[in-house]
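S.K.: no sequence on hand, only this structure:
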Ligand SMILES: N[C@@H](CCC[C@H](N)C(=O)O)C(=O)O
């Protein structure tokens, strides 16, 4: 959705919500935008000239009340997040139940998750925590960590190239903001040992679960299981459907059957992949706790690892997602996976909760 459309939707919120729009690319946050148009107050676009009554004034002041939660809406290839500045506390400012309500696309702000920017621990600069749109808490989020890095650069007024050490449920993650504004992230090492992914599927190649069979909907799917801190089940097809045409899949039917399959004790994210060439893959994703999303950064990393393990692709690939492409490299020298892609602020606002 365009920023203008997003702002328009938010203006229709009930009394609890106010927002401002931000430029679509690289907007400055929490202070005037530099070199870009100043953000427009979405509420100011209403053509009402009557003097404010006391009631109207108090209504508008709610956005500054003590109970207001200020947020910035971010997106990375259309995977969108409500970013909360939680740097003053190690306790998230919203509960999982509140997060699910805020993420609701009809009754809330609308997002795939809520991300909290928290104080660092164990030598890290910051801690990232995230709630999925169903309120569950995953270990990591690839698109989210790129948005997180851009948020930090904005609030700390950093220009140019910068990297940060982020403590996450998947360990230390290191995003680096590049000169072109994209964010390259050292996503660490993939986990391939089945019980650690976790999956109950038996290992098929050393200790990894590669091209194992999983019966769903009368098909024998071939799946490879990879954790990037969070669990992923990757499929390039089944015994019956040798090659997948990912655009033909009815994700809302098939996705939940993978997510809740008994072979995945912590549920799973699932990636359906089409090989366009040995360095170009196309995927759609059904995310644990969020459903079909436009992009999944950890998912794209897991897909390249799975493609290499299955002998389908090189270690450096472009992965096309519904929201756009990510560059992924699984390096042989250190076993780390690197992800490069965009992230940007869409709008900011406040909600009384
Ligand atoms: N979209 C994210 C992944 C978010 C977490 C996921 N839904 C889970 O529960 O593991 C990404 O970009 O990696």
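M.R.: That came through, no problem. None of the values given here were measured: they were computed from a predicted structure. Numbers count the residues shown, from 1 in each chain.
S.K.: how about residue 259, what does it touch?
M.R.: With contacts taken as C-beta atoms under 8 Å, 6 or more residues apart in numbering, residue 259 has the following neighbours: 267, 268, 269, 270, 286, 288. For every residue, glycine as well, the C-beta is placed using N, CA and C.
S.K.: nearest to residue 133, of those residues?
M.R.: Using C-beta to C-beta, residue 288 is the member of the contacts of residue 259 that sits closest to residue 133, with 10.7 Å.
S.K.: so who does the residue nearest to residue 264 when sequence neighbours are not counted touch?
M.R.: Excluding the flanking residues, the one nearest residue 264 by C-beta to C-beta, 6 or more residues apart in numbering is residue 199, at 5.7 Å. Contacts for residue 199 were tallied using C-beta under 8 Å, 6+ apart; they are 209, 225, 231, 233, 263, 264, 265, 268.
S.K.: which parts of the stretch 151-300 of the chain sit against the ligand?
M.R.: The interface of the stretch 151-300 of the chain toward the ligand, taken as C-beta under 6 Å from any ligand atom, is made up of 230, 269, 287, 288, 289, 290, 293, 296, 297, 298, 299.
S.K.: just flag the most distant two among those.
M.R.: Taking C-beta to C-beta, the two most distant members of these are 289 and 297; they sit 15.2 Å apart.
S.K.: who's more crowded, these two?
M.R.: Shown here are residue 289 and residue 297; by other C-beta atoms under 10 Å, residue 297 has more neighbours (29 against 20).
S.K.: so the protein: which segments form each domain?
M.R.: Domain assignment of the chain by automatic domain parsing yields the ranges 3-188+343-352, 194-335.
S.K.: show me how far the first one is from its chain's centre.
M.R.: It stands for domain 3-188+343-352. Put simply, domain 3-188+343-352 sits 12 Å off its chain's centre (C-alpha atoms, centre = their mean, to the nearest Å).
S.K.: going forward, the N-terminal residue is numbered 25.
M.R.: I'll keep to 25 as the first residue from here, and by that count the last item is domain 27-212+367-376.
S.K.: tell me the buried residues in stretch 313-321?
M.R.: Burial within stretch 313-321, assessed by neighbour count using 16 or more other C-beta atoms under 10 Å, is assigned to 313, 314, 315, 317, 318, 319, 320, 321.
S.K.: quick one, phi/psi of the fifth one?
M.R.: Put plainly, it is residue 318. Phi and psi for residue 318, reported as degrees, to the nearest 10, are phi -80, psi -20.
S.K.: was I right to think it contacts residue 346?
M.R.: Yes. Contact criterion C-beta atoms under 8 Å: residue 318 and residue 346 qualify, at 4.7 Å.
S.K.: which stretches of the stretch 75-224 of the chain form helices?
M.R.: With DSSP state H, counting those that start in this stretch applied, the stretch 75-224 of the chain shows helices at 78-85, 120-127, 166-179, listed in chain order.
S.K.: what's the most buried one of the ones you listed?
M.R.: Taking mean count of other C-beta atoms under 10 Å as the contact definition, the stretch among the helices of the stretch 75-224 of the chain with the greatest mean neighbour count is helix 166-179, which reaches a mean of 25.
S.K.: show me which pair in the buried residues of stretch 313-321 is furthest apart.
M.R.: Of all pairs drawn from those, the one with the longest distance (C-beta to C-beta) is 315 and 321, at 16.5 Å.
S.K.: what's the burial count for residue 297?
M.R.: Under the neighbour criterion other C-beta under 10 Å, residue 297 is assigned a count of 27.
S.K.: okay, and the beta partners of it?
M.R.: With beta bridges defined as DSSP bridges, residue 297 has these partners: residue 307.
S.K.: now do residue 93
M.R.: With beta bridges defined as DSSP bridges, residue 93 has these partners: residue 375.
S.K.: who's in contact with it?
M.R.: In this structure, residue 93 makes contact with 108, 117, 118, 374, 375, 376, 377, judged by C-beta under 8 Å, 6+ apart.
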